[in-house]
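Novice: compute the structure for the input listed below.
(chains A, B, C, D, E, F, G, H, I and J)
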10 protein chains.
Amino acid sequence: MSVTAVVLIKAKTREIGALAAALAELEGVTDVYSVAGRYDLVAIVRARRNEDIADIVSDRMHALPGIEDSETLISFRVYRRSDVEAGFGLGAES
Amino acid sequence: MSVTAVVLIKAKTREIGALAAALAELEGVTDVYSVAGRYDLVAIVRARRNEDIADIVSDRMHALPGIEDSETLISFRVYRRSDVEAGFGLGAES
Amino acid sequence: MSVTAVVLIKAKTREIGALAAALAELEGVTDVYSVAGRYDLVAIVRARRNEDIADIVSDRMHALPGIEDSETLISFRVYRRSDVEAGFGLGAES
Amino acid sequence: MSVTAVVLIKAKTREIGALAAALAELEGVTDVYSVAGRYDLVAIVRARRNEDIADIVSDRMHALPGIEDSETLISFRVYRRSDVEAGFGLGAES
Amino acid sequence: MSVTAVVLIKAKTREIGALAAALAELEGVTDVYSVAGRYDLVAIVRARRNEDIADIVSDRMHALPGIEDSETLISFRVYRRSDVEAGFGLGAES
Amino acid sequence: MSVTAVVLIKAKTREIGALAAALAELEGVTDVYSVAGRYDLVAIVRARRNEDIADIVSDRMHALPGIEDSETLISFRVYRRSDVEAGFGLGAES
Amino acid sequence: MSVTAVVLIKAKTREIGALAAALAELEGVTDVYSVAGRYDLVAIVRARRNEDIADIVSDRMHALPGIEDSETLISFRVYRRSDVEAGFGLGAES
Amino acid sequence: MSVTAVVLIKAKTREIGALAAALAELEGVTDVYSVAGRYDLVAIVRARRNEDIADIVSDRMHALPGIEDSETLISFRVYRRSDVEAGFGLGAES
Amino acid sequence: MSVTAVVLIKAKTREIGALAAALAELEGVTDVYSVAGRYDLVAIVRARRNEDIADIVSDRMHALPGIEDSETLISFRVYRRSDVEAGFGLGAES
Amino acid sequence: MSVTAVVLIKAKTREIGALAAALAELEGVTDVYSVAGRYDLVAIVRARRNEDIADIVSDRMHALPGIEDSETLISFRVYRRSDVEAGFGLGAES
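Specialist: Numbering: from 1, shown residues only, chains lettered A, B, ... in the order given. Coordinates of the predicted model:
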């Protein structure tokens, strides 16, 4: 079983590149997107349990300089195209 | 070259499962997460150009029943762990 | 292992009592508080996995009449007084 | 008679674990949840009267380091499953 | 013992006068102010217990035509000038 | 003639009790409620003219330590139960 | 004595011209500005007492078609250049 | 031709009186209202061109101590009662 | 002399392409951008006077189907690179 | 191919003129508007790829003094009048 979270991040504007690169190096962080609009970065985090997500976000992400605010969206399920599911056995995350 | 977008979606609460499954079948949509919190779904969309993202979101996603509101975050760059980059030649998206 | 969620609910004002009573009857819902302020009801939900929380909130709660909007806060951990922990083996939820 | 309150807390992100543990030790605080989303912690507080809730939140909770903002939802009534009520004589809180 | 609540009300603009007069007739409602600004009416409600406040606001106030939204602020304590307190034995509400 | 205003106050959380007591001593302030929810204190102010309300709020209230923000709702009219009106000659405030 | 109020109005966009003209004809309305930005119209209203302002705004303005929302700012005082005051005896409004 | 703007101002609460008086002395500022509610002051500014409004607001108003935030609503047209128009030749501002 | 305005538009999501094309045909509209994020379209409008901007936005733009909300930002000045200014005599707009 | 972005900027009010002039000198910035209302400046930025927009906004714009906050709207397409398109070969941006 595993849990995925989408973390929406507001960052100090001049540190976005370095912060994104550092976030991407953290264990459990699979993708970091620098984005235009209401947020500056979106990180996809994957861990075994909800409380591991908390540790990654509170302890490791927020230890990096440059995050002003973040909001974590815990994923209930991941949906991918059914032919992909056929190939990889995906579907509900568990 | 390609562009990735993170689409934050508010949906009619009782249709979330069916909507998520339908979104995941759309071409260009790589992952759909049903999430807890301020939004109901997060979709990752990948296309050749910004205007292709617009077509997917406005024309195809919003043609499905159940979306109340959505906000598209166009990605500037994707960051992934450097050892992964080494293997897959990723880094800045282009 | 289990997951707890705190669900903040805005309800149609004249149906709060009946809605609260009906919510409290749902399997997985342990406590429902009718409250003063920004929200009308707070429900504590407990289930085996994140996706079971989604099913309770989207499928069963929202099937009841009277909910206008809800926001689910997935709990990372539950903290209780240490002497209680001693007695009941609580602590991190897992 | 007694009063229950649900306290929604925004905290300094790096102090959430320690703060939650300290909150849980306060008299009158029965459960503390660290949560994902718009808030960081949710505390359930139980006291004899409304003004005792005020004392716990303003004087004791806010004396702890790490709370940035909090909003207290005073509970009007607690609803629990009727078979549980049968066993424990619960229902309206009073 | 008694509880006071301050109820902030948004009303349909053309029904404010009639609504205010009707609210003022409800048992437990001691004062209704029609006001300029963010809200349209402010009602002061006094009852024996928190749950009686809920009954007045949800059942009786919202049964009147014209309320669009309301938010109830439960009072912890009432403070009045000390010489007044001397005369009337007021202070903390209980 | 006289004017009543309802002043909604956000205060530094640890100074609410002392602030409320000090506000209640100010001339023109008739009641101060410490409340749960979106605001911390609600003060009822009564003066001869609108500009006297301004003097009480800007000059005297804000001279006290602990107010972070306030919003004044000038009352157009006060409504009270008609039998009370009969006894006290109240009704529109003027 | 007199009271001035600044009324900020959101209107149905296609009716702004006709609404503004109709508002300007109401007794007590001295100026109406159609504006760019967060609001559509700003009306300056002058009356003898606060409650007369309420009557103009609730009863007469909102009887006109096209107003979606309005917020009334009651003026405490009007300030004008001192040489103008010398000529016209203005100053605090009373 | 001329342009009118309505400037909505949030001010440091204890400096409102002095700030309002100073604003009223600025060339181009015709009226300043201290108000109750969401804003603290409303200034009416009149100048030859839009860019002159910018100079008055950014350079001269914000050089005065006490303004925390302001938002300028540029007026498209001024509407006044038709009999007044008859007398003064007003109507569309130009 | 001329005035430029930046009009931020929220549109019904499925009509964005047709609406944008229709907006671009209106006299006075020089550029229309379909955009990702908080707004759906941004239109640049140029006219002789502020009131002509009002006519374009209220009468002509809002006559087209699909606009849900719009907010007009009247430009004080346009700034372009100085070498361009040298060539085209631009600078402050007037 | 090229990308256009509309950057909405909140600036320190007293530095708007100098900031606007400095922004207009940056490579990739084609127009800067100082505006009335919710934002202070609007910059139109044009670059080859999304990630070049990020570099201009994060690295070069935010290196200038005076920007408090900014939000970038990436353009999907630019629409201009069809006769102009005929002359200049415009239309979808690519």
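Novice: residues from chain A in reach of chain D?
Specialist: Applying Cβ under 8 Å from any Cβ of the partner chain, we find that chain A lies next to chain D at A:5, A:50, A:53-54, A:57-59, A:62-63, A:67, A:70-74. Every residue, glycine included, has its C-beta placed from N, CA and C.
Novice: just checking, what packs against the helix or strand where A:A22 lies?
Specialist: Per DSSP states H and E, A:A22 falls inside helix A:16-25. If contacts are counted by 3 or more Cβ pairs under 8 Å, 6 or more residues apart in numbering or on different chains; DSSP states H and E, helix A:16-25 sits against strand A:29-35, strand A:41-47, strand B:67-79.
Novice: make TSV out of those strands and add distance to D:L26, mean neighbour count and mean pLDDT.
Specialist: Compiled in TSV, those are given as follows (distance: least, Cβ to Cβ, whole Å; neighbours: other Cβ atoms under 10 Å in any protein chain shown; pLDDT from 0 to 100):
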stretch	distance to D:L26	mean neighbour count	mean pLDDT
strand A:29-35	35	24	98
strand A:41-47	30	23	98
strand B:67-79	39	22	97
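Novice: how about those in JSON lines, adding distance to B:G28?
Specialist: JSON lines is the format used below for those (distance: least, Cβ to Cβ, whole Å):
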{"stretch": "strand A:29-35", "distance to B:G28": "16"}
{"stretch": "strand A:41-47", "distance to B:G28": "18"}
{"stretch": "strand B:67-79", "distance to B:G28": "12"}
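Novice: now render those strands as JSON lines, adding distance to chain E.
Specialist: Shown next, in JSON lines, are the helices and strands packed on helix A:16-25 (distance: least, Cβ to the nearest Cβ, whole Å):
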{"stretch": "strand A:29-35", "distance to chain E": "34"}
{"stretch": "strand A:41-47", "distance to chain E": "33"}
{"stretch": "strand B:67-79", "distance to chain E": "20"}
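Novice: and A:K10, how close does it get to chain G?
Specialist: Using Cβ to the nearest Cβ, to the nearest Å, A:K10 is found at 23 Å from chain G.
Novice: who does that residue bridge with?
Specialist: Each beta-bridge partner of A:K10 is listed here: A:D69, as defined by DSSP bridges.
Novice: count of neighbours near it?
Specialist: 16 (other Cβ atoms under 10 Å in any protein chain shown).
Novice: check A:R48 too.
Specialist: The number of residues near A:R48, taken as other Cβ under 10 Å, comes to 12.
Novice: cool, the one 10 residues further on as well?
Specialist: By the criterion of other Cβ under 10 Å, A:S58 has 22 neighbours.
Novice: looking at this, it is in a helix?
Specialist: Yes. A:S58 sits within a helix when classified using DSSP: H, G, I helix; E, B strand; the rest coil.
Novice: gap between it and D:I16?
Specialist: Separation of A:S58 from D:I16 (Cβ to Cβ, to the nearest Å): 5 Å.
Novice: now swap in A:I56 and tell me
Specialist: 13 Å.
Novice: between strand B:67-79 and the helix holding A:A22, find me the angle.
Specialist: 90 degrees (axes from the mean of the first three to the mean of the last three Cα atoms, to 10 degrees).
Novice: and helix A:16-25, which residues are buried?
Specialist: By 16 or more other Cβ atoms under 10 Å in any protein chain shown, the buried positions in helix A:16-25 come out as A:16-17, A:19-24.
Novice: quick one: low-confidence ranges for chain A?
Specialist: A:1, A:83-94 (pLDDT under 70).
Novice: please repeat the previous calculation with a cut-off of 90.
Specialist: A:1, A:13-15, A:81-94 (pLDDT under 90).
Novice: closest to the centroid, which residue in it?
Specialist: A:I44 (2.3 Å; Cα atoms, centre = their mean).
Novice: let me see the contact set for the nearest residue to it once chain neighbours are set aside.
Specialist: Nearest residue to A:I44 in three dimensions, chain neighbours excluded: A:D31, at 4.4 Å (Cβ to Cβ, 6 or more residues apart in numbering or on different chains). Counting by Cβ atoms under 8 Å, 6 or more residues apart in numbering or on different chains, A:D31 makes contact with A:24, A:43-44, B:78-80.
Novice: now the closest residue to chain F within chain A: how far from chain I?
Specialist: Distances between chain A and chain F by Cβ to the nearest Cβ are smallest at A:D69, namely 19.7 Å. Per Cβ to the nearest Cβ, A:D69 is found 17 Å from chain I.
Novice: measure that residue to A:L8 for me?
Specialist: 9 Å.
Novice: for A:S82, same thing?
Specialist: Counting by Cβ to Cβ - A:S82 and A:L8 are separated by 28 Å.
Novice: which residue of those two possesses the greater neighbour count?
Specialist: Comparing A:S82 with A:L8 by neighbour count (other Cβ under 10 Å), the higher total belongs to A:L8, at 23 against 13.
Novice: which SSE is the more buried one in?
Specialist: Going by DSSP H and E, A:L8 is in strand A:3-11.
Novice: just to revisit the earlier point, pull the residues that contact the helix holding A:A22.
Specialist: A:11-12, A:29, A:31-32, A:34, A:40-41, A:43, A:61, A:64-67, B:77, B:79-82, J:54, J:58-59.
Novice: quick one: it to chain centroid distance?
Specialist: 12 Å (Cα atoms, centre = their mean, to the nearest Å).
Novice: what residues are up against A:A54?
Specialist: Counted by Cβ under 8 Å, 6+ apart, A:A54 has contacts C:76-77, D:16, D:34, D:36.
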